[in-house]
Structures are given as structure tokens and as C-alpha cells.
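[1] Give me the fold of what follows.
(chains A and B)
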Amino acid sequence: MLDIKLIRENPDLVRNNLERRKKPKFLNMLDQVIAVDEQWRQLKSEEDLLRQKRNELTTSIKQLKKDGKSDQIPTVIAEAKKIPDQIKELEKKREQTKKHRDALLLQIPNLLHESVPYGEDDEGNVTVETWGEQPSFHFEPLSHVDLVESLQLADIERAAKTSGARFYFLQDDLVSLELAIIQHAQHLLRKRGYRLIIPPTLVKGFVMEGGGFLPTYRDDVYKIEDEDLFLVGTSEAPLVGMHADEILYEDDFPLRYAGFSTCFRTEAGAHGKDTKGIFRTHHFEKIEQISLTSPDQSWKEHEYLFETAELFWQSLKIPYRKVNICTGDLGIVASKKFDLEGWYPSQETYRELVSTSNCTDYQTRRLKIRYREKDGMPTQIAHSLNSTLIAIERGLTCILENYQQEDGSVKVPDVLQKYTDFSEIIGQKKKKKE
RNA sequence: GCCGAGGUGGCCCAGCCUGGCACGGCGCGAGACUGGAAAUCUCGUGAGACUUCGGUCUCACAGGAGUUCAAAUCUCCUCCUCGGCGCCA
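    Model (predicted):
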């Protein structure tokens, strides 16, 4: 959520920034917010004046009592009696207006960092750098979908029976690999100064709203019936919400958390996309980084989070590229976003594995996450950042493709082997024969 | 789940019975004093609207509803914390 004061005092700055997205609806929203806010302030002034009058009468009653002029009191009370109803009416109107204003305000996207490139969709993203060498195969590499199936690493069909499309029973060696990844990841994260967290995967509406997931992305999340609870699409939600309404100390910054949780997504807008395998599913496990810090440190921290992700993927020796996400692909929350896209040999293309966002004060304003230098100093709004470390099931697909071998087996990445008791995945069929 | 005690500014706390502009301390800021500092003293310390930038006003006592001219204070509902008992993977 943007600062209403900024909009009031510097509407052109906000307008110019929103214009870069080239979406007229946002400019309309801005104009509406300004108009409704004007109304709100008008009502607020009227109401304040009425309250002032009431307070004056109330005080005069007290004074009359003190002066022993009780005979005059009934007249004043009669006058004062008219006011509460008027206040109530104005209050109601003002609250409605405020609700209206805030509802609009919630839909206005964050201000873009100056370095965000313009683009209509992901085609407009700009590659910043590439890392690693794409593996060359002397055979036609299989897709992760085929590998999962041929090695029987997940049972998609039975998952369809119990749960529907886009679910999976992860099995055997792939489960071991997942657990190995978690082990491997936690060591890196600890070393890099993150606290490890397993957060709640159900959160209240205000947390989703504060995180910017609601109302704009309402269709993408699951809600618990009859309760004010949502299944999280990422542990970013509870991890940022964790410090809602708190005042932190600058000395504790950056506050880095690594969350491990299951994530739930409706994938409403993705019909027909990546329907097979475990690449895009309704639930998956993810290790997420989040960080809270001060405004003057957050851009440095943005690089730090991305660097953590890079170190992780480099340790797995996955070729990747770093991409600066363009306006059309950025979403409303991030001010700037880098993606790390991993190489998929079967598709001969890079695909998203990691998103690293600086959300600046967009989430923290709404969630009232503030900080101060030390006790007694004034409070400021913190900045929040988040980054994937690995969405495990998707990460597995990338590993499978890059580590596949001619005989159809898959080598286990070196750094994971100390956590698995095998160095290659050969599948159940072959195992039985042996 | 039951019983009891609580929730007041960044923190600690008074006020609640008996309704009338939220007491005091810590911390922090400004000023005075000083060669400089400590100590001391004075003033200030949250959110919002308006402002001729001097100020003016409103709100804020866990949240909501009610009673009242007037609610931190009285009534009702909800949430949370702590303690005791019960239940439980």
C-alpha cells in the first residue's frame, strides 16, 4: 500500500511512476483515491467541528455545576443532546469513505525502482548475467515429466484420483532428494545469517492483505470456508506478518528468516500451462528467504538475498541466468524483482526457479512493521524483501533434467550425496531386478 | 474446556469502586548551566485533520456494541496474555 500522504502531497511523482506501467486502470484508481480522500478529509473536518462543539458544551455543564448554576444545565443538555446523532451519522459516512479509499489504495501497485525495464510481459525481462555451462548430451535429453514417470518418482495418476489435477504423490528417491535439499539448504542459510522458521501455513485475512496477496490476487489463493483463514501461497505471508504491529530496533536489522513450508496455489490463471509432472502444482514445498531492514539498506539487501539464491544454485551446479523483471511481469507488490532462471535442456530454455523482490515499504506500511534506531527515537517504516531459495518440487525438475544420463538414470548432485545413501537414481523397476 | 488475574503511549505504571480534558517514572529530543561533559533544572515526547506555519482542533486506555450532555471508568459481547485444573498427538 502506498502512503496516502505521499499521494496527497506529491501526486505527480506517484502518477509519473504509475505511468511507466502503461496501464490506464492504475491512473484511474489514483484519481479516484485522490477524490475520495478529499471527501474523507472534508467529512473528518465536519466531524471534528461537531465534536469540538460537544466537548465545549460538556465542559460548560461541568463548569455550571461547579459554579452552582444548576438551573441553567437543562438548557445546555437539551442542546448537547442533538449532537451525538449527527456525529454518528457523519462518522458512518466517513468510515465508509475511508473503506472505499483504502480498498482503492490496496489495489494501486508499489512504486517502481528506476532500473525496472518497461515490457508488456515476460518477453520484456532483461537478462543481467548468465552462470554455468549448459550440459551437452550425446543423446536426446528427456523432459522432467518423462524422467519422473520413467523412474517412477511421483504418482500423478493416483494423486488425480485423490485430489485432482496438479497434485502428486512424491516417491522414494525423489523424497530422499527433497530431504537432502532441505538438509543442504539449512547449512547454507545458517551460515548466511538466517533464522530457520517453520511458519503457520494458514493465516488471517489481514496478513494476506498486508502482504499484498489480497485483494488483487484473490483468485490465486485458497480460503478456508466460514473462517477468516487462507492457505498460504508462500511462507512470505506468515513470515512478514509475523512482525505486524511491532516496533523493531535498527540494530537487529537485517532480520533474515528462512521459512520452510508447504505452499498452496490455485493456479487459476495458468490453465493449460505446464499441466504435466510436478513443475506447476497446487501444493509444493518451498524454502523462502525474507528480510526486514531499513530503507537505506534494502537495495543492498536485495542483492544479498539474490546472492544467497545464487550460491545455492551454484552449489548444485545448475546453469542459470539472472533476469531483471520488467514492468508488465512485476506484479503490484515488488518495487523491483530479479528472477533466477534455471536451464532446462529438454526445452532448451531457462525457466523461473527463484524470484527476489524488494517490496520496500509496501507490505510493511499496511502491516505496521516499524523500527527505531533506539528507545525513544522516532519510528520509521521498515522495508521487507523476499526471495525463493528453492521451490523444491520445481527445483527437482531442473535437477532431474540437468543430471540425467544416457541410460535413463539421474546422478545425484555432489553436494547432496552426503545426505542421500545413493549417488544415482535408477528407478524402482531396476532396483527390483538387481 | 473450566476457574481466577490481567490487557492504559516505545517500555514500566497510577487512575476504574464514586463517569467530567490520561498521573508519574524510564527512554529519547530541545534548551539552560559548563572550558567540555556528568549531574541538575525547564520544555517537549502517539495518530489524524486544518493552518495565515504562530498555532487550532479531533482522536487514542486490547477490539466492538450499548447507557450518558459526557466513558479508561458503568453494562454486554469478542479477542489475547498469564496462573491453576482438565483433556490431548
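[2] need the longest helix for chain A.
    What stands out as the longest helix in chain A, according to DSSP state H, is helix A:24-66.
[3] Name the residues of the very next helix or strand once past that helix that are buried.
    Where DSSP states H and E defines the elements, the next helix or strand beyond helix A:24-66 is helix A:73-81. Using 16 or more other C-beta atoms under 10 Å as the burial criterion, the residues of helix A:73-81 that qualify are A:76, A:80. For the C-beta atoms, the positions are set from N, CA and C on the backbone; glycine is no exception.
[4] list the buried ones in the helix or strand just after helix A:73-81?
    Downstream of helix A:73-81, the next assigned helix or strand under DSSP H and E is helix A:83-107. Buried positions in helix A:83-107, judged by neighbour count with 16+ other C-beta under 10 Å: A:83, A:90, A:94, A:97, A:98, A:100, A:101, A:102, A:104, A:105, A:106, A:107.
[5] From those residues, pick the one nearest RNA strand B.
    Of all the buried residues of helix A:83-107, RNA strand B sits closest to residue A:83, with 6.5 Å by C-beta to the nearest atom of the strand.
[6] Can you name the residues that contact the closest one?
    A:50, A:53, A:54, A:57 (C-beta atoms under 8 Å, 6 or more residues apart in numbering).
[7] try residue A:212
    Counted by C-beta under 8 Å, 6+ apart, residue A:212 has contacts A:1, A:110, A:332, A:333, A:359, A:362, A:363, A:366.
[8] Over to residue A:248?
    A:255, A:292, A:369, A:370, A:371, A:372, A:382.
[9] again, but for residue A:153
    By C-beta under 8 Å, 6+ apart, the residues touching residue A:153 are A:147, A:170, A:171, A:172, A:173, A:174, A:400, A:425, A:427.
[10] Quick check on those: which are buried?
    A:147, A:170, A:173, A:174, A:400, A:425, A:427.
[11] Among these, which ones are in strands?
    With DSSP state E as the criterion, strands contain A:170, A:425 from among the buried ones among the contacts of residue A:153.
[12] Could you list the domains of chain A?
    A:4-107, A:122-433 (automatic domain parsing).
[13] Single out the most deeply packed of the ones you listed.
    domain A:122-433 (a mean of 19; mean count of other C-beta atoms under 10 Å).
[14] Distance from the chain centre to that domain, please.
    Offset of domain A:122-433 from its chain centre (C-alpha atoms, centre = their mean, to the nearest Å): 11 Å.
[15] quick one: is that domain near RNA strand B?
    Yes: Domain A:122-433 reaches RNA strand B (C-beta under 7 Å from any atom of the strand) through A:247, A:374, A:375, A:376, A:377, A:378, A:379.
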